[in-house]
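Asks: need a structure here:
(chains A and B)
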Amino acid sequence: MEILGTQAPDPAGLGPARDGGSEPAAPERVDPWTDAALVAALIAVDPAGLGGVCIKALPGPARDAWLGMLRDLLPQASPLRRVPLHVTDERLLGGLDLAATLHAGRPIAERGVLVEADGGVVVLAMAERLTPGFAAKVGLVIDQGAVRVERDGIAALTPTRFGVVALDESIGPDEAPPDALMDRLAFLMELEGLRQRDVGEALHDRDEVVAARERLAAVTIADEALEALCGAAVAMGVPSLRAPIFAVRVARAAAALDRRDTVEQDDLTLAARLVLAPRATRLPPPPPPPPEDEQEQEEEPPPPDDGEDERDQQDDEDKPLEDRIVDAAQAAIPANLLARLMAAAERRRRTGILGRSGEQRKALTRGRPIGSRRGDPRGGARLALIETLRAAAPWQPLRRAEVALWTDAGRSPPRVLVRKDDFRVTRFKKRSQATIIFVVDASGSSAIARLGEAKGAVELLLADCYARRDQVALIAFRGKGAETLLPPTRSLARAKKRLAGFPGGGGTPLAAGIEAAHMMAEVARTRGETPSVVILTDGRANVTLEGIGGRARAEEEAKAAAQALKAIGVATLLVDTSLRPAPKAQAMAEAMDATYMPLPRADARALSFAARDAARTAE
Amino acid sequence: MAKAFPFSAIVGQDEMKMALLIAAVDQGVGGVMVFGDRGTGKSTAVRALAALLPPMSVVKDCRFNGDPKTHQDYCATTCEVRAAIENGATMEVVDAPVPVVDLPLGATEDRVVGALDLERALTQGEKAFEPGLLARAHRGFLYIDEVNLLEDHLVDLLLDVAASGENVVEREGLSVRHPAKFVLVGSGNPEEGELRPQLLDRFGLAVEVTTPKELETRVEVVKRRDAFERDPNGFLATWSQKESGEALRIRDARDRVQEVEVPDAVLNTVAKLCMTLGTDGLRGELTVIRAARALAALEGDVEVDEGHVRKVAAMALRHRLRRDPLDESGSTVRVQRAVEEVLGAEA
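Replies: Numbers count the residues shown, from 1 in each chain, chains lettered A, B, ... in the order given. Down below sits the predicted model:
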């Protein structure tokens, strides 16, 4: 085995070169396209075993080139199926093939895309917008290696094994593919910023992939290597156990691709770099310097001399395998680790709203059936079989006579003659989701005395919302503007935590608060929810929309914002948080046509009733 | 379809395994809910359980898993076997594996409750009932992975059937009722969506699994998984002895569970425990006692003692605490505190 750190020619970048610094790890970053080409080859070798890859990149030449490369590497017979975002469950998992069923006069099952992709690769477009439900369905299929269909009178278990290429086209930190899906993919890769000229050649060809596939089953991995990968995962703070399992498989595939029967260190560092590093949640702790080093360092602190290189290599040899792997992978740990972690936490906080639009579109297919109507059973609507047959029944003698005219006598006509006009689809009723938007005045005037009470009141209301499974959202305003503390969610604990941690003080940008509520209410409505707004304030606006002090202007703007809110007809409750019922708050309530309720009199029960009333009038 | 990973080869996750074994010994304990991180072997464990369950005797050809003892009185009115026996045929009894039925997320209502048999309706013009997953799961286990993502109307339907033990179908011109008693097993990741409180209440036991933190455990998990994938048959052969030992243990425990004594002192302790925690109703107490009894049977004891109660208290009670939506301290901690208060700190 080569010593890690020699400058051996290594086009694949398998052994990252080390510089001579005494820092524990400073290997060069590997050219992103080289890694991308390797990932494509590895997936082609073992698509199902490695789960696949999540590619973060906007559509563009680099991504297209990569997909083209993967297509070229996959054996000819392997399917590569693209799944659009709004695929129906019938197409995804399979179900009843209506046209064939009617034609044949007996139930014919339709194969879903996931079954059709057996042995190949499924490309999921716009993965950042996939719903957790979709991820769970696909995840189930991946885990079981089979599709279990229990739909529309069809029950079947069809084995299928495929790799997934999830195309993550998210731009901001707000969006990301569902965690449940990412966890089942070996590689998380970024092609962002890669341009046409960065695109290089493939490192392998189809024949090499085919040879590697044959070799794969025979590749062995030493226990020590396996332990080292697990250790490296722990050192980098990778929680999921699937990651080290993938790392082991990647190391195997890499060895097979390199025409070897045993996993060597290069394979391990590669696996750590491609699988573990992108999932790192912390930088590995610097290894404690070996004792004999300490002596030296005391005498002569770090001026790196020419002999350093050699000693470093020496150290490298002595180091446990795990540390060497971690060192090699470290450069691949995303530089903006902290920012990423925070973005991920933020997303988790918001899972309540992610991918909602996808769900909404399915309103035709879920909920309680409430009868049927004439319609085309495509586009997600469900065929109401009995109603369809009932509609077809009266015409049977007529149609049979008609068919007899143009079919030859030998062939017997189908038993039931169903025409397109007969199709009936089931109608479903979906309970409209109530979304209550709390707008809390956390300014100095209102806050100092009453913020605690206002928070208490909101908590009571939250508990009430919880019982009714309403969604809640939190907006707070103080100082220069309004802040959305929590987008609509059902998670009460989160709402409470966010609220408790919000400080008070500063001016009263009431207009900004009302506008934020207004916008959120409109968004909720477009999602098909029923919003209502609860504002807790003393009504003493003194900060304008631009964030400048000035009572007269601020009040004017607040009034205008209130009227705008009134115009969209959302049920509103204004809780006056001033010590004594204040005329300003009352006037504000009038302006927005809100139910007015002074907090002094608003005990828990009264508040709860008022909020419920507000919500009910909205429905 | 991939072979199932052997139950006894699952590393760690003792509480989850214990809960599943208890449910296997005494189905009356109620369902098991497994909450936890991704990739912790939740569904692996549930699917592996199927291999350990001793067979049950069923009425031959009955599509509702009819129990020979009650078949003639309780099976579905549309059961062809029942009708045949009424007309003078003799009832044949056969051994069948205990069903562990998967309810996939994409399932439609008609397949869950059962519906018109499409094939016969289309080809023969007959109105016949095609039993659904609930009928298949009768007397066995119904497993729902990612249960918190299940559509609301399916949850409603399950709640109703789980409560009544009977599935009533009134649709598409059919009117059928048949027994559907099953152990509901759910798993899910709370990060992805919350579980309806009413549904949570249906589970007798609730366990929480977390990713193992110790390196040795993690290495062992990866090693076994790797060994299994490379040579499933060899791996199964290696573990077959352990597996049959475990299966035997379940069988023995099943035979003995009704004879395990519960001393009054233990009943008292359990009552005190539930009072300390302020759980509603008696279901908590009953579940603790049943689970402790099943555990005693599994461990070969003839009498339930405090040790058993200590082990099952958390899983039987943590989801029954009156939920104070504003109290975030974990329910597991609350149960532990109560256990220590009533039983004293663990020796």
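Asks: From now on I want contacts and neighbour counts done on CA atoms only, so please keep to that.
Replies: OK.
Asks: Show me how chain A divides into domains.
Replies: A:32-279, A:366-429, A:434-618 (automatic domain parsing).
Asks: Strands along the stretch 101-250 of chain B, start to end?
Replies: Secondary structure of the stretch 101-250 of chain B (DSSP state E, counting those that start in this stretch): strands located at B:114-116, B:129-131, B:141-145, B:166-171, B:174-179, B:183-188, B:203-209.
Asks: Adjacent strands (with direction) for the first one?
Replies: Using DSSP bridges, the neighbouring strands of strand B:114-116 in the sheet come out as strand B:129-131 (antiparallel).
Asks: who touches the strand it pairs with?
Replies: Contacts of strand B:129-131 with the rest of the structure, by CA atoms under 8 Å, 6 or more residues apart in numbering or on different chains, involve B:63-64, B:78, B:111, B:113-117, B:174, B:176.
Asks: Switch the residues you listed over to CSV; also include neighbour count and pLDDT.
Replies: Compiled in CSV, the contacts of strand B:129-131 are given as follows (neighbours: other CA atoms under 10 Å in any protein chain shown; pLDDT from 0 to 100):
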residue, neighbour count, pLDDT
B:Arg63, 19, 86
B:Phe64, 26, 88
B:Thr78, 18, 80
B:Arg111, 22, 85
B:Val113, 24, 88
B:Gly114, 24, 86
B:Ala115, 25, 80
B:Leu116, 24, 77
B:Asp117, 17, 78
B:Leu174, 13, 78
B:Val176, 18, 86
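Asks: Which secondary structure element of the chain has the lowest mean pLDDT?
Replies: This is for chain A. Ranked by mean pLDDT, DSSP states H and E, the weakest helix or strand in chain A is helix A:356-360, scoring a mean of 33.
Asks: Switch to chain B, please.
Replies: helix B:118-123 (a mean of 73).
Asks: Contacts for that helix next, please.
Replies: When contacts are defined by CA under 8 Å, 6+ apart, helix B:118-123 is touched by residues A:105-107, A:153, A:415-416, B:126-128.
Asks: please redo it, this time with the cut-off set to 6 Å
Replies: Contact partners of helix B:118-123, identified using CA atoms under 6 Å, 6 or more residues apart in numbering or on different chains, comprise A:105-107, B:126-127.
Asks: Report the buried members of these.
Replies: Buried by 16 or more other CA atoms under 10 Å in any protein chain shown: A:105-107, B:127, out of these.
Asks: So for the least confident helix or strand of chain B, what gets flagged as buried?
Replies: Buried residues in helix B:118-123 (16+ other CA under 10 Å): B:118-122.
Asks: what do you get for stretch A:516-534?
Replies: Within stretch A:516-534, judged by 16+ other CA under 10 Å, the buried ones are A:516-518, A:520-522, A:524-525, A:528-534.
Asks: got the end-to-end distance for that stretch?
Replies: End-to-end distance of stretch A:516-534 (CA to CA, to the nearest Å): 12 Å.
Asks: Same question for stretch A:251-262.
Replies: One end of stretch A:251-262 to the other measures 9 Å (CA to CA).
Asks: from memory B:Asp102 sits against B:Tyr143, does it?
Replies: Yes - between B:Asp102 and B:Tyr143 there is a contact at 4.9 Å, judged by CA atoms under 6 Å.
Asks: Looking at the two, which is more packed in?
Replies: Higher neighbour count among B:Asp102 and B:Tyr143: B:Tyr143, with 25 against 18, using other CA atoms under 10 Å in any protein chain shown.
Asks: Can you lay out the contacts of strand B:129-131 as CSV showing distance to A:Asp376?
Replies: Below are the contacts of strand B:129-131 laid out as CSV (distance: CA to CA, whole Å):
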residue, distance to A:Asp376
B:Arg63, 34
B:Phe64, 35
B:Thr78, 33
B:Arg111, 22
B:Val113, 25
B:Gly114, 24
B:Ala115, 22
B:Leu116, 21
B:Asp117, 22
B:Leu174, 25
B:Val176, 30
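Asks: So for B:Pro197, which of the strands of the stretch 101-250 of chain B sits nearest?
Replies: Shortest distance between B:Pro197 and these, using CA to CA, is found for strand B:203-209: 10.4 Å.
Asks: Show residues contacting that closest one.
Replies: Applying CA under 6 Å, 6+ apart, the contact partners of strand B:203-209 are B:16, B:29-36, B:315-316.
Asks: re the thing from before, cross-check the buried residues of stretch A:516-534 against chain B and keep the overlap.
Replies: Among these, no residue sits close to chain B (CA under 6 Å from any CA of the partner chain).
Asks: Confidence-wise, which of those comes last?
Replies: By pLDDT, A:Gly528 ranks lowest within the buried residues of stretch A:516-534, coming in at 70.
Asks: isn't there a helix covering that residue?
Replies: No - secondary structure of A:Gly528 (DSSP: H, G, I helix; E, B strand; the rest coil): coil, not part of a helix.
Asks: follow-up on the earlier one: the buried ones among the contacts of helix B:118-123 into JSON lines, with extra columns for pLDDT?
Replies: Converted to JSON lines, the buried ones among the contacts of helix B:118-123 look like this (pLDDT from 0 to 100):
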{"residue": "A:Gly105", "pLDDT": "71"}
{"residue": "A:Arg106", "pLDDT": "75"}
{"residue": "A:Pro107", "pLDDT": "77"}
{"residue": "B:Lys127", "pLDDT": "76"}
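Asks: need those in a markdown table with distance to A:Asp258, can you?
Replies: Listed next are these as a markdown table, based on distance: CA to CA, whole Å:
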| residue | distance to A:Asp258 |
| --- | --- |
| A:Gly105 | 54 |
| A:Arg106 | 52 |
| A:Pro107 | 49 |
| B:Lys127 | 62 |
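Asks: Out of the domains of chain A, which gets the lowest mean score?
Replies: Across the domains of chain A, domain A:366-429 gives the lowest mean pLDDT, at a mean of 70.
Asks: Nearest residue to B:Phe64 in space, please, no chain neighbours.
Replies: Excluding the flanking residues, the one nearest B:Phe64 by CA to CA, 6 or more residues apart in numbering or on different chains is B:Ala135, at 5.1 Å.
Asks: after the longest helix seen in chain B comes which helix or strand?
Replies: The helix that spans the most residues within chain B, counting by DSSP state H, is helix B:232-256. Sequence-wise, the next helix or strand downstream of helix B:232-256 (DSSP states H and E) is helix B:264-277.
Asks: buried residues in that following helix?
Replies: Neighbour counts over helix B:264-277 (16+ other CA under 10 Å) mark B:266-267, B:269-274, B:277 as buried.
Asks: Could you list the residues in contact with that helix?
Replies: Among residues not part of helix B:264-277, none is counted as a contact by CA under 6 Å, 6+ apart.
Asks: Report the angle between the helix or strand just after that helix and helix B:264-277.
Replies: Sequence-wise, the next helix or strand downstream of helix B:264-277 (DSSP H and E) is helix B:283-298. Interaxial angle, helix B:283-298 versus helix B:264-277 (axes from the mean of the first three to the mean of the last three CA atoms, to 10 degrees): 140 degrees.
Asks: which helices and strands does the helix or strand that helix B:283-298 is followed by pack with?
Replies: Counting by DSSP H and E, the next helix or strand C-terminal to helix B:283-298 is helix B:306-317. Applying 3 or more CA pairs under 6 Å, 6 or more residues apart in numbering or on different chains; DSSP states H and E, one finds that helix B:306-317 contacts strand B:203-209, helix B:283-298.
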